[in-house]
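1. Take a look and give me a structure for this.
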Amino acid sequence: MVVRGYGTGALRGGDLTDPENNGNASAYVNYNATFRSSLEPYFYAEGAFNVFDNVVGSGDAKWCCDGGNVWVEADFGAKRYVLTAFTIASGNDVQGRDPDIWKILGSNDGINYTPIFTYNQQGVSPFGNRRLQVNEYLAGVDYTSPAAYSIFRYMSTHTIANGPHQINELEFFGKEAKVPEPATFGLLALGLAGLVATRRRQAR
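-> Reported below is the predicted structural model:
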């Protein structure tokens, strides 16, 4: 893990949810993903979607909610990506609200989720006591390079004080994986069958 710095300027920018850095949270436009969450599915008012607003700060820049099992995710539809890196930023509030048991998960159907990265250090914040800190995690260094997924979910199940939960920002980075259309498989099978038949006729 690398600490990139503090505040909005420490973000990498250009992540998968908003590669052009022109997302408009007030109108919920110009994003390349659909967002969902376990609760507070909105921007502003410290809602869950604030983690995708490209801002690290206080108030409406962060997600602050009741603790327990909470999650927020970005769904890229028909596109699948291999997650090469991600960033997560701490909230401006007290350390006790930092997640100390959390995961990044991947899915292709919104039902079955596979852990990509797991942080499980109860009582230990991934941010120390630093507020508005941006941490970066890299595939091949901090976690094993995963399969390609169309959905990436952040899920927290515990916080330092076992109470309210907060994070400020998430950025997902990855390489698009080409997924053949179902018809492509059928054409490929027909092509192989034709090739085999041709060779058999030639062999006679």
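
2. Just the element for the most centrally placed residue in the chain, please.
-> Geometric centre of the chain, nearest residue: residue 152, 3.9 Å, by Cα atoms, centre = their mean. Per DSSP states H and E: residue 152 is located in strand 151-159.

3. That strand: how far from the chain's middle?
-> Remark: strand 151-159 is offset 9 Å from the chain centroid, using Cα atoms, centre = their mean, to the nearest Å.

4. same for the helix or strand just after that strand, what does it pack against?
-> Going down the chain from strand 151-159, the next helix or strand is strand 165-167, by DSSP H and E. For strand 165-167, the contact count by 3 or more Cβ pairs under 8 Å, 6 or more residues apart in numbering; DSSP states H and E identifies strand 63-65, strand 151-159 as packing neighbours. Where C-beta positions appear, they are placed from N, C-alpha and C, glycine not excepted.

5. what sits up against the following helix or strand past the shortest one?
-> Taking DSSP H and E as the definition, the helix or strand that follows strand 63-65 towards the C-terminus is strand 70-75. The contact list for strand 70-75, computed with Cβ atoms under 8 Å, 6 or more residues apart in numbering, reads 16-17, 33-39, 48-49, 51-52, 63, 110, 150-156, 165, 170, 172.

6. Can I get the buried part of the residues you listed as one ChimeraX selection?
-> In ChimeraX, this line selects whichever of the contacts of strand 70-75 come out buried by 16 or more other Cβ atoms under 10 Å:
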select :16,17,33,35,36,37,38,48,49,51,52,63,150,151,152,153,154,155,156,165,170,172
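
7. I am finished for the moment; much appreciated.
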